[in-house]
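> Quick one, fold the following:
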Amino acid sequence: MLLRIKFSARKAIGMAVGAAFLVPAITAPLAQDTDAVAVPVAEDRAALRCAAAFALASGADARGEPVPGYAGIGERGREYMVRTGARLTAAGWSRADVAAAMRDAAGQVAYQLPQLAPACNALLDAEVPPVQTASRARCVASLQIAAAATTGAEAERLRARAARLGETLRRDEGAETAERAIAAAREGMLNGRAGSLPADCDGGGAAPGLELVKPD
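Below is the predicted model:
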């Protein structure tokens, strides 16, 4: 049984790391000197450990086995992994160096993910700052208000955008937190207390003055 568990963990590590790093940023043209062995400095080792932790946590979450401390990381964790790999290749690491270092790091952190979460989340916030919940909630609320103020295809488009962004917010922040933030943002907009609307709501572009629109 013990051997089976170890084999499963090794297989999961390989799959998670491979999926996370088979991206254009890592497969770009690299230095051709494959004889040199890359030796990570302390900062690189920390980044590699956290990149591996995010890959493993993401894989566990996809299997319905979320790891405590990694909720809501999603695309930010993947972006951190991509940036870590890209930074190492820019420093002259070969593709093989990056892959080997990631496998080594994953093997080291596989059974310590919850303990590493605080330090890795701090690095993640510094490297890939989170989109503020309040900003995304204002996007959702403004889209809902605008949808209520119009009809037809445009209303459907706005409702669909609000639903899509709202679902992302609920997944990242939790249903209760997201709904509370959206309700507060909606009330603030309807009562003229809203802050400025973010320039872009889920890539669809926010309409100028959207936060001022009120339903009839």
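> quick one: residue 55 from residue 81, how far?
Note on residue 55: its distance to residue 81, by Cβ to Cβ, to the nearest Å, is 6 Å. For glycine as for every other residue, the C-beta is placed from the backbone atoms N, C-alpha and C.
> what's the answer for residue 57, then?
11 Å.
> Please say which of these two ends up with more neighbours.
residue 81 (29 against 26; other Cβ atoms under 10 Å).
> got the buried residues for the helix or strand containing the more buried one?
Assessed by DSSP states H and E, residue 81 sits inside helix 74-90. Within helix 74-90, the residues that qualify as buried are 76-82, 84-89, counting by 16 or more other Cβ atoms under 10 Å.
> Got the domain ranges for this protein?
Domain assignment for the chain by automatic domain parsing gives 9-28+38-127, 133-212.
> Was I right to think residue 105 contacts residue 52?
Yes. Judged on Cβ atoms under 8 Å, residue 105 makes contact with residue 52 at a distance of 4.1 Å.
> Need the residues that contact stretch 166-186.
The contact list for stretch 166-186 (Cβ atoms under 8 Å, 6 or more residues apart in numbering) reads 71-72, 74, 133-134, 136-138, 140-142, 144-145, 194, 202.
> can you give me the helices in this structure?
2-21, 24-27, 42-62, 74-90, 95-109, 113-127, 133-148, 152-173, 175-190 (DSSP state H).
> I'd like those laid out as JSON lines, including mean pLDDT.
Listed next are those as JSON lines, based on pLDDT from 0 to 100:
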{"stretch": "helix 2-21", "mean pLDDT": "45"}
{"stretch": "helix 24-27", "mean pLDDT": "38"}
{"stretch": "helix 42-62", "mean pLDDT": "92"}
{"stretch": "helix 74-90", "mean pLDDT": "89"}
{"stretch": "helix 95-109", "mean pLDDT": "92"}
{"stretch": "helix 113-127", "mean pLDDT": "93"}
{"stretch": "helix 133-148", "mean pLDDT": "85"}
{"stretch": "helix 152-173", "mean pLDDT": "88"}
{"stretch": "helix 175-190", "mean pLDDT": "86"}
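> Dihedrals phi and psi, residue 150?
Dihedral pair for residue 150: phi -130, psi -180, per degrees, to the nearest 10.
> Just give the nearest non-adjacent residue to it, would you?
Closest residue to residue 150 apart from its sequence neighbours, by Cβ to Cβ, 6 or more residues apart in numbering: residue 158 at 7.1 Å.
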